[in-house]
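Chemist: The following comprises the amino acid sequence and a computationally predicted model.
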Amino acid sequence: EREGLWYTRLTVLFVAFLYGTNFGCVKLLGENMSVSLAAAARFTLAAVCLSPFLGQLRKEVVGVGLEVGFWVTLGYVVQAIGLETVEASKAAFLCALIVVVCPVLEALDGGRVTVAQWSSVALAVLGAAFLELGGNISPGQGDIFALIQPIGFGVALWKCEKTQLLYPDQGGALTAIQLVCTMVASWMWVLGDYKGLPPTEEIVTAAANMEVAVAVLWTGFITTALTVYLQTTSVSKLSSAEATVFISTEPIWGAAFASILLGEQIGPNAFVGGGLIVLACLTSVVDPDTIEGINSTILKGAVATAALIPGGEEAFRRLSDFMNWTSQ
């Protein structure tokens, strides 16, 4: 059982790595074709790839599948819009805030979130901030869209966890129906942008560009179909609160890939941020009984580190109080 848990954790970590490659590819697509068309192409490939699972869909799961599809669609659409004006590395950080959404939802639902998990949340958020922003947060219109990402993806993942606990055999079907929803929404977006006429000329031009074609195939089959399937099936064995801690490593991979593909610069803060995120993962998986005293120190350290950001200390003190309350 313990070996299976570690396998699941490594699977989610692999998903985070693949997600990290996604931001650079989506930004590349947005620079060569309309955002709506890029999304439609990507999600059509993903939905077709996983469509055989629809034959296994139970009628009890259809409703929640459509709801999850809505939240996933919201996450992907605002991500694509945000990347038009936001750097891929910064969008990766904002998306990593999913690590906060799932524990908060669990706490509001009456569930217990351990101090170890909250410690991981604090470390992951600080690590992502240091890694991608270096304390220099310059909000803009694109940031608003990018900030909605973790809400959409977080609610979807949390809903998937609850559904998987009731119907553990529905992972593939649940993945398929949410991607079909995203595909339909994407094509409605395309038809709205092009006044109901398919953009045939733009499709042909994009297909003739090898770099764009590879990016469409990669985002469709790998960073959408494969990652969403692995993530959805993993939360049947791993809580969404813990899974998001591993997903929070995404900015590390996103920053590295953005540097290679887009030439975005990575500052020395990457070492500090990356180290904090790795520590967050370790805090999440170590037996809580062996680190009971360390967790309190981690939270105090997080508050002290947040003091480097104007207003950050008070915000983290309040967050710490909330963590302790939900851990009782």
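Modeler: Arrived safely, thanks for sending.

Chemist: quick one: the residue most central in space within the chain and residue 119, what's the gap?
Modeler: The centroid of the chain falls nearest to residue 95 when counting by CA atoms, centre = their mean (5.4 Å). Using CB to CB, to the nearest Å, residue 95 is found at 21 Å from residue 119. In this view, the C-beta of every residue, glycine as well, is placed from N, C-alpha and C.

Chemist: can you check residue 149 too?
Modeler: Distance of residue 149 to residue 119, computed by CB to CB: 24 Å.

Chemist: ditto for residue 276
Modeler: In terms of CB to CB, residue 276 sits 11 Å off from residue 119.

Chemist: the more surrounded of the two?
Modeler: Ranked by neighbour count (other CB atoms under 10 Å), residue 276 and residue 119 place residue 119 first, with 28 against 23.

Chemist: Check the more buried one and give its pLDDT.
Modeler: Here, the pLDDT recorded for residue 119 equals 74.

Chemist: what's the answer for residue 157, then?
Modeler: Taking residue 157 on its own, its pLDDT is 88.

Chemist: now do residue 14
Modeler: 91.

Chemist: Quick check: what element follows the longest helix seen in the chain along the chain?
Modeler: Longest helix in the chain, counting residues (DSSP state H): helix 2-32. The first helix or strand that comes after helix 2-32 along the chain, using DSSP states H and E, is helix 35-50.

Chemist: can you tell me the average pLDDT over that following helix?
Modeler: Helix 35-50 carries an average pLDDT of 92.

Chemist: relative orientation of it and helix 2-32 in degrees?
Modeler: Orientation note: helix 35-50 sits at an angle of 140 degrees relative to helix 2-32 (axes from the mean of the first three to the mean of the last three CA atoms, to 10 degrees).

Chemist: Show me what the strand or helix carrying residue 118 packs onto, helices and strands only.
Modeler: Per DSSP H and E, residue 118 falls inside helix 115-132. Contacts defined by 3 or more CB pairs under 8 Å, 6 or more residues apart in numbering; DSSP states H and E place helix 115-132 against helix 88-95, helix 98-108, helix 240-247, helix 250-262, helix 269-285, helix 292-306, helix 312-326.

Chemist: Next, the angle from it to helix 98-108.
Modeler: Relative orientation of helix 115-132 versus helix 98-108 (the same axes, to 10 degrees): 150 degrees.

Chemist: what's the next secondary structure element after helix 115-132?
Modeler: Toward the C-terminus, helix 115-132 is succeeded by helix 141-166 as the next helix or strand (DSSP H and E).

Chemist: Just give the closest residue to residue 155, not the sequence neighbours.
Modeler: Using CB to CB, 6 or more residues apart in numbering and skipping residues adjacent in sequence, the residue nearest residue 155 is residue 71, 4.5 Å away.

Chemist: What separation do you get for the one you found and residue 250?
Modeler: For residue 71, the distance to residue 250 equals 18 Å [CB to CB].

Chemist: So for these two, which sits in the more crowded spot?
Modeler: Taking neighbours as other CB under 10 Å, residue 71 and residue 250 compare with residue 250 leading, 28 against 21.

Chemist: Hmm, the more buried one is touching residue 20, no?
Modeler: Yes. Assessed by CB atoms under 8 Å, residue 250 is found in contact with residue 20 at 5.0 Å.

Chemist: okay, and the common contacts of the two?
Modeler: residue 92 (CB atoms under 8 Å, 6 or more residues apart in numbering).

Chemist: residues contacting residue 45?
Modeler: Counting by CB under 8 Å, 6+ apart, residue 45 touches 216, 217, 220, 221, 224, 225.

Chemist: Now do the longest helix of the chain and helix 240-247, the angle between them.
Modeler: Put simply, helix 2-32 runs at 60 degrees to helix 240-247, going by the same axes, to 10 degrees.

Chemist: So for helix 2-32, what gets flagged as buried?
Modeler: For helix 2-32, burial by neighbour count (16 or more other CB atoms under 10 Å) applies to 8-9, 11-13, 15-30.
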